[in-house]
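K.L.:
please find the sequence and the predicted model below.
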Amino acid sequence: LKAVLMRVVVAVVLVVCVVVLCGSGGVEGSGLYHGHKEGGGVGANPTNFSIPDALNLTSKFFDLFITPCADWAKLFVQDGVFYHPLVPGAVHGRAELAQFCENARNGSIYLFRQDGPARITVSGPYLQVLVPYVYATVVLSAKGEFVNSGWENLFIEQVQEADGADPKLYIHSVTEFFNRSEQPFTFDPNH
């Protein structure tokens, strides 16, 4: 039942993305309003930001196992959220995001990467980036491997820094969807 429900949610998100992209004439030149300032409050002036910058930020999200965890957490706004299927209640704020990153690095070998083109649309004050991914790990202590694929749904916002510097893109939230059953494997100890 969970798998069917998850597929329905992913299908609805994909349909909405396609309808919005087709209805808006694509993403080139799409404008986006300021998000909140790092200290709170809503920015007042409409601005544009580049799709390549948003895709670069998305790429950095996939550096979970490469980037130092404190730096990875700084890709998010101060109160950013990661809704992960294996974390009840989600991961809230940069401190928890950094801890999530540390916990994910449990002495195994990993692969976490984008696995296809991003689907991009404007959603209110955010740029929404829906990205397929593949994740694989070899758990050294258990002598097994695990393969997982699905979707990362990132909401990216432009934040006006408190110091008056140019606005910067941050991840507001990410929702991870598993789109298929997990594929655990165990190694034959004789090989």
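P.N.:
It's in. Numbers count the residues shown, from 1 in each chain.
K.L.:
for the protein, longest strand please?
P.N.:
Across the chain, the longest stretch assigned as strand under DSSP state E is strand 144-159.
K.L.:
put the alpha carbons of the helix or strand hosting V122 into PDB.
P.N.:
Per DSSP states H and E: V122 is located in strand 119-123. Only the C-alpha atoms of strand 119-123 are listed here, as PDB (Å, rounded to 0.1, in the frame of the first residue of the first chain):
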ATOM      1  CA  ARG A 119      12.400  18.800 -13.900                       C
ATOM      2  CA  ILE A 120      12.200  22.500 -12.900                       C
ATOM      3  CA  THR A 121       9.300  24.800 -12.200                       C
ATOM      4  CA  VAL A 122       8.400  27.900 -10.200                       C
ATOM      5  CA  SER A 123       6.200  27.100  -7.200                       C
END
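K.L.:
ok, it: who's next to it in the sheet?
P.N.:
Pairing partners of strand 119-123, with direction, according to DSSP bridges: strand 126-139 (antiparallel).
K.L.:
tell me which residues of the partner strand come out buried.
P.N.:
Y126, L127, Q128, V129, L130, V131, P132, Y133, Y135, A136, T137, V139 (16 or more other C-beta atoms under 10 Å). Any C-beta I mention is one placed from the backbone N, CA and C, and that applies to glycine too.
K.L.:
stretch 89-106 now?
P.N.:
V91, H92, G93, R94, E96, L97, A98, F100, C101, A104.
K.L.:
just the CA coordinates of it, formatted as PDB?
P.N.:
Output in PDB follows, covering the C-alpha atoms of stretch 89-106 (Å, rounded to 0.1, in the frame of the first residue of the first chain):
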ATOM      1  CA  GLY A  89       9.200  13.900  11.700                       C
ATOM      2  CA  ALA A  90      12.000  15.100   9.200                       C
ATOM      3  CA  VAL A  91      15.300  16.700   9.800                       C
ATOM      4  CA  HIS A  92      15.000  20.400  10.900                       C
ATOM      5  CA  GLY A  93      17.600  23.100  10.800                       C
ATOM      6  CA  ARG A  94      21.300  23.200  10.000                       C
ATOM      7  CA  ALA A  95      22.500  21.500  13.200                       C
ATOM      8  CA  GLU A  96      20.200  18.500  12.600                       C
ATOM      9  CA  LEU A  97      21.100  18.400   8.900                       C
ATOM     10  CA  ALA A  98      24.800  18.200   9.700                       C
ATOM     11  CA  GLN A  99      24.100  15.400  12.200                       C
ATOM     12  CA  PHE A 100      22.000  13.600   9.600                       C
ATOM     13  CA  CYS A 101      25.000  13.800   7.300                       C
ATOM     14  CA  GLU A 102      27.400  12.500   9.900                       C
ATOM     15  CA  ASN A 103      25.000   9.600  10.700                       C
ATOM     16  CA  ALA A 104      24.700   8.700   7.000                       C
ATOM     17  CA  ARG A 105      28.500   8.200   6.900                       C
ATOM     18  CA  ASN A 106      28.600   5.000   9.000                       C
END
